[in-house]
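1. Coordinates for the following, if possible.
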Amino acid sequence: MTSTAKAPAPGGGNASQPDHLGHVIFITAAAAMGGFLFGYDSSVINGAVEAIRDRFDIGSEALAQVIAAALIGCAFGAATAGRIADRIGRIRVMQIAAVLFTASAIGSALPFALWDLAMWRVIGGFGIGMASVIGPAYIAEVSPPAYRGRLASFQQAAIVIGIAISQLVNWGILNLADGDQRGEIGGLEAWQWMLGVMVVPAVIYGLLSFVIPESPRFLISVGREETAKKVLAEVEGSHVDLDARVAEIRHAMSSEVKSTFKDLRGGRFGLLPIVWIGIGLSVFQQLVGINVIFYYSSSLWQSVGIDPTSSFLYSFTTSIINIIGTVIAMIFVDRIGRKPLALIGSIGMAVSLAACAWAFSYKQEINGEISMPHDQGIVALVAAHSFVLFFALSWGVVVWVLLGEMFPNRIRAAALGVAAAAQWVANWAITVTFPTLSDWNLSGAYVIYTCFAVLSIPFVIKFVPETKGKALEEMG
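-> Numbering: from 1, shown residues only. From the prediction side, this is the model:
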């Protein structure tokens, strides 16, 4: 396909195709490796939960704290990544995150006590939090406006692929250990290998960060305009008026200071309205309970009478559904817009979660054996997979796209950090409360998640802005 020069769109958008779209895709995919590591780390623990419980002889509450420990690090990493990126650049933040990932993978695989394992998970979480902020921000800043939605979707695509690969790796390691999570392979238990293998993608992420360019907006902010022009030519095409684009970005940044949390203050409730909207998007994304599926699915299915082997299979099939839904979102996010996808997802999730709540209400225990009637079991499986599909084709992608686009330039880094931190806090809340809620009433837990899915519908309709087709400089 040949490139043709086009006049800049109002507000500075440019719809021309870059000369080397494949190169832009490579840059985006490299940045999205942080998302892959997030997905891998989030889901790999699913295969080690019961082994950790047995190895350290702990109950459900202590186990939940260890599983959720990474999320504390995530919140701190997300809250500080924006400010660090404004000081030292987006690429340096990626490299710091890669080092933290690598250290966490090695430490988590070789713990000598429970607190030691929790500490390494916090360190890895800090890296995940940093990557969760810098990935969407960097991708938004290097993407041509006409492709930004699809390229921003790479972050969520990387997350769901990381989830699927971790399940596949867990399955392979489990088979090598003859189906025993504590079975020995080369002197280490199977669950230790599951956690340690993450060192491979962590090192790859670090290496890739050395071969992709710095964000043109950061380069302009530190006075390296000639380098910024070269990057803009790479990612937006040689037909773009580079002097005009630099001037446009410089003008948008001219009234800016380095974004800090003070810049987010305003409005009736302490923060600017757009910041609250970002927080709302992040919180709703987690409070529908999506990570219960990825952190606890094996334990969840076993808690309603499904055998361990089948529970691992269902964990893998949900990860495949997750990928399919993400591909659907990537196809449609720039075609029909962010808000319509979010609304479709909210409605689908609400119906699916309600069906899960109904089915789980038939859970029963007879002579110490936990089971569900056949028909309700089928409904639970179908509804759980349907929930994952609707989440993946909507909120899983749309939230990351919106958080990378919706904030004005002057507050983008700090606002994205706050919104992402809120996401990790909400994720932590769901993760630590699910075992207790499940013991109390599994159906009741899913009623709560259903309520949040329903509440997300008016939130999207009333508050969420549509950013489809707009240049970042138009987000005023």
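
2. Now do the contacts for residue 393.
-> Shown in contact with residue 393 (Cβ atoms under 8 Å, 6 or more residues apart in numbering): 325, 326, 328, 329, 332, 341, 344, 345. Backbone N, C-alpha and C define where each C-beta goes, glycine included.

3. could you redo the last one with a cut-off of 7 Å?
-> 325, 328, 329, 341, 345 (Cβ atoms under 7 Å, 6 or more residues apart in numbering).

4. and if you look at residue 262?
-> If a contact means Cβ under 7 Å, 6+ apart, then residue 262 has no contacts.

5. Return the distance of it relative to residue 411.
-> 10 Å (Cβ to Cβ, to the nearest Å).

6. picking up where we left off before, just give me the closest of the contacts of residue 393 to residue 197.
-> For the contacts of residue 393, the residue nearest residue 197 by Cβ to Cβ is residue 325; the value is 25.6 Å.

7. any idea whether that closest one is helix, strand or coil?
-> helix (DSSP: H, G, I helix; E, B strand; the rest coil).

8. Nearest residue to it in space, ignoring adjacent ones along the chain?
-> Leaving aside its sequence neighbours, residue 325 sits nearest to residue 392 (Cβ to Cβ, 6 or more residues apart in numbering; 2.7 Å).

9. Tally up the residues packed near the one you found, please.
-> Residues within reach of residue 392, counting by other Cβ atoms under 10 Å, total 27.

10. try residue 59
-> 9.

11. Please verify my assumption that residue 51 contacts residue 181.
-> Yes. If you go by Cβ atoms under 7 Å, residue 51 and residue 181 touch, sitting 3.6 Å apart.

12. any common contacting residues for those two?
-> residue 191.

13. Looking at the two, which has the bigger crowd around it?
-> residue 181 (24 against 20).

14. what residues are up against the more buried one?
-> Contacts of residue 181 by Cβ under 7 Å, 6+ apart are 48, 50, 51, 174, 190, 191.

15. residues making contact with stretch 412-427?
-> With Cβ under 7 Å, 6+ apart as the test, stretch 412-427 has contacts from 71, 74-75, 78-83, 85-86, 129, 132-133, 137, 259-261, 263-264, 275, 278-279, 281-283, 285-287, 291, 403, 407.

16. ah, wrong one, I meant stretch 348-359
-> Taking Cβ under 7 Å, 6+ apart as the rule, stretch 348-359 contacts 288, 372, 376, 379-380, 383-384, 386-387, 390-391, 443, 446-447, 449-450, 453-454.

17. how does it look with 6 Å?
-> Contact with stretch 348-359 is made by 288, 376, 379-380, 383-384, 386-387, 390-391, 443, 446-447, 449-450, 453-454, as judged by Cβ atoms under 6 Å, 6 or more residues apart in numbering.

18. Give the rounded mean pLDDT of that stretch.
-> Stretch 348-359 carries an average pLDDT of 94.

19. again with stretch 419-439
-> Stretch 419-439 shows a mean pLDDT of 83.

20. mind listing what's buried in it?
-> Of the residues in stretch 419-439, 419-428, 430-435, 437-438 count as buried by neighbour count, 16 or more other Cβ atoms under 10 Å.

21. same check, this time on stretch 240-247
-> Neighbour-count burial for stretch 240-247 flags 240, 242, 245, 246 (criterion: 16+ other Cβ under 10 Å).

22. Next, format those residues as JSON lines and append pLDDT, distance to residue 102 and secondary structure.
-> Listed next are the buried residues of stretch 240-247 as JSON lines, based on pLDDT from 0 to 100; distance: Cβ to Cβ, whole Å; DSSP: H, G, I helix; E, B strand; the rest coil:
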{"residue": "240", "pLDDT": "75", "distance to residue 102": "38", "secondary structure": "coil"}
{"residue": "242", "pLDDT": "78", "distance to residue 102": "37", "secondary structure": "helix"}
{"residue": "245", "pLDDT": "82", "distance to residue 102": "36", "secondary structure": "helix"}
{"residue": "246", "pLDDT": "80", "distance to residue 102": "36", "secondary structure": "helix"}
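
23. The helix or strand of the chain with the lowest mean pLDDT: what's the following helix or strand?
-> Within the chain, confidence by mean pLDDT, DSSP states H and E is lowest for strand 369-371 among all helices and strands, at a mean of 66. For strand 369-371, the succeeding helix or strand toward the C-terminus, using DSSP states H and E, is helix 374-392.

24. So what touches that following helix?
-> Contacts of helix 374-392 (Cβ under 6 Å, 6+ apart): 290, 318, 321-322, 325-326, 345, 348-349, 352-353, 355-356, 359, 362.

25. can you tell me which of those are in helices?
-> 290, 318, 321-322, 325-326, 345, 348-349, 352-353, 355-356, 359 (DSSP state H).

26. Among those, which one sits closest to residue 23?
-> The closest of those to residue 23 turns out to be residue 326 (Cβ to Cβ; 22.9 Å).

27. Go ahead and confirm the closest one touches residue 160.
-> Yes. Look at residue 326 against residue 160 with Cβ atoms under 6 Å: they come within range, at 4.8 Å.

28. The two - which one has more neighbours?
-> residue 160 (27 against 24).

29. before we move on, back to that, which among the ones in helices among the contacts of helix 374-392 gets closest to residue 200?
-> residue 322 (21.5 Å).

30. For that closest one, give me its contacts.
-> Listed by Cβ under 6 Å, 6+ apart, the contact partners of residue 322 are 160, 388, 392.

31. which sections of the stretch 151-300 of the chain are below the confidence cut-off?
-> The stretch 151-300 of the chain contains residues with pLDDT under 70 at 255-260, 267, 297-300.

32. let's see it at 90
-> Counting by pLDDT under 90, the stretch 151-300 of the chain has low-confidence residues at 151-187, 190-191, 212-275, 290-300.

33. Now do the helices in it.
-> 190-196, 199-208, 216-221, 225-236, 242-253, 273-287, 290-303 (DSSP state H, counting those that start in this stretch).

34. Residue 466: neighbouring residues, count only.
-> By other Cβ under 10 Å, neighbour count at residue 466 equals 13.

35. Who are the contact partners of it?
-> Here residue 466 is in contact with 337, 338, 339 (criterion: Cβ under 6 Å, 6+ apart).

36. Could you do residue 453 as well?
-> By Cβ under 6 Å, 6+ apart, the residues touching residue 453 are 288, 346, 349, 350, 353.

37. and it, which of the three is it?
-> Under three-state DSSP, residue 453 comes out as helix.

38. Let me see the backbone angles for residue 335.
-> phi -90, psi -50 (degrees, to the nearest 10).

39. Around the closest residue in space to residue 159 that isn't next to it in sequence, count how many other residues there are.
-> Distance criterion Cβ to Cβ, 6+ apart; nearest residue to residue 159, sequence neighbours excluded, is residue 39 at 3.8 Å. By other Cβ under 10 Å, the residues close to residue 39 number 27.

40. Kindly report the same for residue 140.
-> Neighbours of residue 140 (other Cβ under 10 Å): 27.

41. just the one 4 residues further on next, same as before
-> Each residue near residue 144 was counted by other Cβ under 10 Å, and the total is 21.

42. Okay, it and residue 409: tell me how far apart.
-> As judged by Cβ to Cβ, residue 144 and residue 409 stand 17 Å apart.

43. The stretch 1-150 of the chain: helices as residue ranges?
-> With helices called from DSSP H, counting those that start in this stretch, the stretch 1-150 of the chain shows them at 21-31, 33-44, 49-56, 60-88, 90-109, 114-142, 148-176.

44. Buried residues in the fifth one, which are they?
-> When neighbours are counted by 16+ other Cβ under 10 Å, the buried residues of helix 90-109 are found to be 90-98, 100-105, 107-109.
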